[in-house]
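# Based on what follows, work out the 3D shape:
(chains A and B, ligands or ions: 2)
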Amino acid sequence: MSDPVSEKPERSRAAKWTRRGFIGAGAIAGGALVVGVAVRSGNPVGKLKGIVAQGEGEALVNAWVKIGSDNLVTAIVPHCEMGQGANSTIAQMLADEMDVNWENVRVMDAPADGNYVSQHAVRTFVGPGTLPDRPNQVSFMEPTYDGLFTQIGKLAGAYITGGSSSVRSTGQNGMRIAGAAAREMLVASAAKEWGVPAAEITTQNATVIHAASGRSEPYSAFAAAAAEQDLPRAPRIKTVDEYKLMGTPAPRKDIPSKVDGTAIFGVDAGPEGENLRYAAVKASPVVGGAIASMDASAAKEMRGVLQILNMGDFVAVVADSYWQAQRALNTIKITYTESENDSADTATMFAGFTKALDEAGDSGGNSKADYGDAVGALADAVTKVEAEYKVPFLAHATMEPMNCTAWVRDGKCDIWTGTQVPLMARDGAAEGAGVSADDVTMHSVLLGGGFGRRLTPEYTNQAARLAKATGYPIKMIWSREEDTAQDFYRPADISRFTGGLDENGKVICWNNVHCTEDEPPEAPLVEFYDIANVSVRNAEVEWPVRLGAWRSVAHSQHGFFVESFVDELAAAAGKDPVEFRRELLKNSPRHLAVLNGAAEMAGWGSPLPEGHGRGIALARSFNSIVAEVAEVDMTGETPKVTKVYCCVDAGFAMNPDGLKAQMESGIIYGLTAAMYDEITIKDGAVEQSNFHDYKMMRMDDAPDIAVQIINGAPDNLGGAGEPGLPPAAPAVTNAIFAATGQRIRELPISKHFA
Amino acid sequence: MLSISVNGKPEELDVDPAMPILWAVREQLGLTGTKFGCGIAQCGACTVHLDGQPVRSCSTPISAADGKAITTIEGIAEADGTLSKVQQAWISEQVPQCGYCQSGQIMSATALLKETPNPTDEQIDAAMKGNVCRCGMYGRIRKAIKVAAGSEPSGSQEASA
Ligand code: FES
Ligand code: FES
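Ligands and ions are numbered 1, 2, ... in the order given. Prediction:
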């Protein structure tokens, strides 16, 4: 057992991980550590043992699951917990396959080590999502295939929590197999020990049972022996009718620590017993700008200030308290070097978008989908509909601002930070600290929101540089203002549509051109709607701002564009929006079921009070299908969303309450943006700064939300964290249209009611 | 030197009297359950009780607490460690997502229920609208307040099963 991990790992303090035990473990690379089960010759169980085992008498069964002498099972989860509860759900999947009762399960984050690259996350992002598996007979040893993905994952600095992929990739393809394999190894050990056929042994509640001889022992009795077993080649995973824990609302493991103040987020973590110093920072508000000069004469004299640093690309004040550091920083007069982006502003950018779209016309730009003849078919249309929609840049505004604690000494660097990409953050820290990646220890902490913001390593790099420059263990915290100014923004976009209807009001063609790059590529596509002639394109534009992945990524724009335009086509056809979509969905039964589910929940068609309206929208993202009906009250000065009915088909809800919570969360996140928010740029800098000018939806404006789940494809899981968002904005603007006849084609909605 | 009772324990603090309570409790006393979200009294993540009243600790100087009692999230369970009714309801309704806002939410809800044991929806709106939850758990927060008040049965989980 190696020393750095003998410390108490439990939630009261951040778990501590080291790479030390992994040095030389490169032999594991190239596909050996597949689906979380240590496979291949040179059984890596031995190499991992010292890292993951924490207490006396514990034996590692495989890389993802640990069984203690107390018969507690620890799921080692390769994703960061940023609120979605996915780690708990993944553990639920593991426990079910292993036949372990929920009370005996613990969850632990995996160390940020290359060997823990979440191949399945990578596969879901990069690959077609197809596993070389057969139903209930998953072969997890496809060295070439998985080796390839491991390599891609390393190049991409993967071990990603994003793309709503935790449950459907790591859970479904990793944890379940790990659990099933662990169970089979325990059974094999017991069979050997007892001298009975494995087939006669059953398992339940973390116990192996041989009914014929009346013997039963807890798993822990065989944990050590099981670790020596060959890993089963193709462990049998359960069919839906055999699920016990999967599909139940098992209480999340991370919640108790989040109600008593003991949960440790990045901003709370750091070296025990060390005298931390605090840093406040300010970088150039314009992309490409650097520090030209600073006048820190007032700051120097302020109480608690230890050091004032011009780091070239940012200014930092280090003090005894964060408040002292930030207060001093606010007095420093900084001038910035010239940047080619100094004159960037949102209006000019939008003008550039318009020009690019004009140039693309009805057939130019990069083709994203092209079937039938969208341009030719328009000539046959009885009714022609055109519309242009516009959405702004958006900030993530995670509740916990960016922060990182770093300590550089003796050629080593310790990092405590909330990140969705620990390996990339580790590399950023290594670069900043001037040490090798192997000498960086990433301490696992909770994330106060991710939403795609914590996919970048720059704040980790910044803190490591400060720790190196000062020699102190440094806790760097961004002010909310810095967090808003230095985000990686959801791209603004303009999207144009031309559609044609025949004499029966059927859509015969759909032609769309927009500006953003589409990530994921299916975001603007409408293949589930029965339209024969479709052209979807994008036009390339300049981006003088930092762009990032924002919850649901390109679906966040296209959900609004596509479902607004479908609604406009319905209106032009003189048809009810639900009825109109039903006709379009005749070849997409799962989509149709979801649409009908939401309409039924909402009592679609039943009368509403004067000045109220209902709107519907449907979106497919991250392999889940979601329809939402919003009700709005337009009798006040500004629109009020009173109700949202949401029907979701995520394949199978592993934890129905968790899936509901994610829908509620995505809806509020989507409505917040739809109702209030835009990031605007003037003279190269972001104009918004804090929650007074970048507004959040609050209790008094939040609608009642009802969620209904359809388990439409138990073997084809969809994501949960993001798919609730895309239909939210168009459901509301469509409801406003239904109530008042006013068609909102530009977000945020508040702009139209100022 | 400031004399302040923090979670029932007397503390002597030698800090800049202008330092906000938030940073004094987090950095000086190591009570990190109280969170920083905005620094300008806009989000409620930093909510603590000062003599039982909810205050935004990011915008209240520690000098305002001299001779008074501060209660933070770490101090609202019973003396024997039993979680408060509000905390228990937060678990039964599975309220937290990321959890970062939840200390502040629980402090605001606790203060509300002390004043108004059986709040209406409007009273919940008024008491809670200063607390942002970026994860959007408003429906669950409302439900948990009613469960803690005893006016509604627990049920987010059964309802979904
Ligand atoms: S941090 Fe105090 S209200 Fe936001
Ligand atoms: S639970 Fe994440 S901000 Fe409220």
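
# pLDDT below threshold where in chain A?
A:1-64, A:68, A:77-84, A:109-174, A:227-234 (pLDDT under 70).

# and the closest residue to A:Leu585 other than its chain neighbours, how far is that from A:Ala706?
Ranked by C-beta to C-beta, 6 or more residues apart in numbering or on different chains and with sequence neighbours excluded, the top spatial neighbour of A:Leu585 is A:Leu592, at 4.2 Å. For every residue, glycine as well, the C-beta is placed using N, CA and C. With distances taken as C-beta to C-beta, to the nearest Å, A:Leu592 is found 20 Å from A:Ala706.

# how many neighbours does the closest residue to ligand 2 within the stretch 301-450 of chain A have?
In the stretch 301-450 of chain A, the residue found nearest to ligand 2 is A:Met399; the distance is 3.8 Å by C-beta to the nearest ligand atom. For A:Met399, the neighbour count with other C-beta atoms under 10 Å in any protein chain shown is 28.

# Spit out the contact partners of it.
Residues counted as contacts of A:Met399 (C-beta atoms under 8 Å, 6 or more residues apart in numbering or on different chains) are A:448-449, B:35, B:37, B:43, B:45, B:98, B:100-101, B:132-135.

# tell me, how many neighbours does A:Gly195 end up with?
A:Gly195: 7 neighbours (other C-beta under 10 Å).

# And it, how close does it get to A:His210?
Distance, A:Gly195 to A:His210, using C-beta to C-beta: 10 Å.

# Please work out which residue of the stretch 451-600 of chain A is closest to ligand 1.
For the stretch 451-600 of chain A, C-beta to the nearest ligand atom, closest residue to ligand 1: A:Arg480, 7.7 Å.

# what number of residues lie near residue 70?
Using chain A here. If you count neighbours by other C-beta under 10 Å, A:Asp70 ends up with 12.

# that's the wrong chain, I wanted chain B
Residues within reach of B:Ile70, counting by other C-beta under 10 Å, total 27.

# Name the nearest residue to the residue positioned nearest the centre of chain B, ignoring sequence neighbours.
By C-alpha atoms, centre = their mean, chain B has its centre lying nearest to B:Met107, at 1.8 Å. Sequence neighbours aside, B:Thr47 is the residue nearest to B:Met107 in space, at 4.2 Å (criterion: C-beta to C-beta, 6+ apart).

# The residue nearest to the centre of chain B: what secondary structure?
The three-state label given to B:Met107 by DSSP: H, G, I helix; E, B strand; the rest coil is helix.

# if I pick it, what's in contact with it?
Applying C-beta under 8 Å, 6+ apart, the residues near B:Met107 are B:47-49, B:54, B:71-73, B:76.

# Kindly write the PyMOL command that selects the buried subset of those residues.
Selection of the buried residues among the contacts of B:Met107 in PyMOL, burial being defined by 16 or more other C-beta atoms under 10 Å in any protein chain shown:
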select buried, chain B and resi 47+48+49+54+71+72+73+76
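
# Now, the contacts of B:Met107 that are in helices?
Counting by DSSP state H, those place none of their members in helices.

# Okay, and which of the contacts of B:Met107 map to strands?
Cross-referencing these against strands under DSSP state E gives B:47-49, B:54, B:71.

# Just give me the closest of the residues you listed to A:Pro524.
Set against A:Pro524, the nearest of the ones in strands among the contacts of B:Met107 by C-beta to C-beta is B:Thr47 (42.2 Å).

# need the helices for the stretch 201-350 of chain A, in chain order.
A:220-227, A:297-300, A:322-331, A:346-360 (DSSP state H, counting those that start in this stretch).

# Also chain B?
Under DSSP H, chain B gives helices at B:21-23, B:85-92, B:102-115, B:121-128, B:138-149, B:156-160.

# Please write out the alpha-carbon positions of the longest one in CSV.
Going back to what we said before, that points to helix B:102-115. Provided in CSV are the C-alpha atoms of helix B:102-115 (Å, rounded to 0.1, in the frame of the first residue of the first chain):
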residue,chain,number,x,y,z
GLN,B,102,-27.7,24.9,-1.1
SER,B,103,-26.2,26.1,2.2
GLY,B,104,-27.6,29.5,1.4
GLN,B,105,-30.9,28.0,0.4
ILE,B,106,-31.2,26.1,3.6
MET,B,107,-30.3,29.1,5.7
SER,B,108,-32.9,31.2,4.0
ALA,B,109,-35.5,28.5,4.3
THR,B,110,-34.7,27.9,7.9
ALA,B,111,-35.2,31.6,8.7
LEU,B,112,-38.4,31.6,6.8
LEU,B,113,-39.9,28.7,8.7
LYS,B,114,-38.9,30.2,12.0
GLU,B,115,-40.9,33.3,11.2
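
# Okay, angle between it and helix B:121-128 too, please.
Helix B:102-115 runs at 130 degrees relative to helix B:121-128, counting by axes from the mean of the first three to the mean of the last three C-alpha atoms, to 10 degrees.

# before we move on, back to that, Serialize the helices of chain B to TSV and add fields for mean pLDDT and distance to A:Leu309.
Listed next are the helices of chain B as TSV, based on pLDDT from 0 to 100; distance: least, C-beta to C-beta, whole Å:
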stretch	mean pLDDT	distance to A:Leu309
helix B:21-23	98	21
helix B:85-92	98	42
helix B:102-115	98	32
helix B:121-128	98	41
helix B:138-149	98	41
helix B:156-160	43	49
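
# can you tell me how far the nearest residue to A:Pro491 once chain neighbours are set aside sits from ligand 2?
Closest residue to A:Pro491 apart from its sequence neighbours, by C-beta to C-beta, 6+ apart: A:Thr516 at 4.7 Å. Relative to ligand 2, A:Thr516 is positioned 27 Å away (C-beta to the nearest ligand atom, to the nearest Å).
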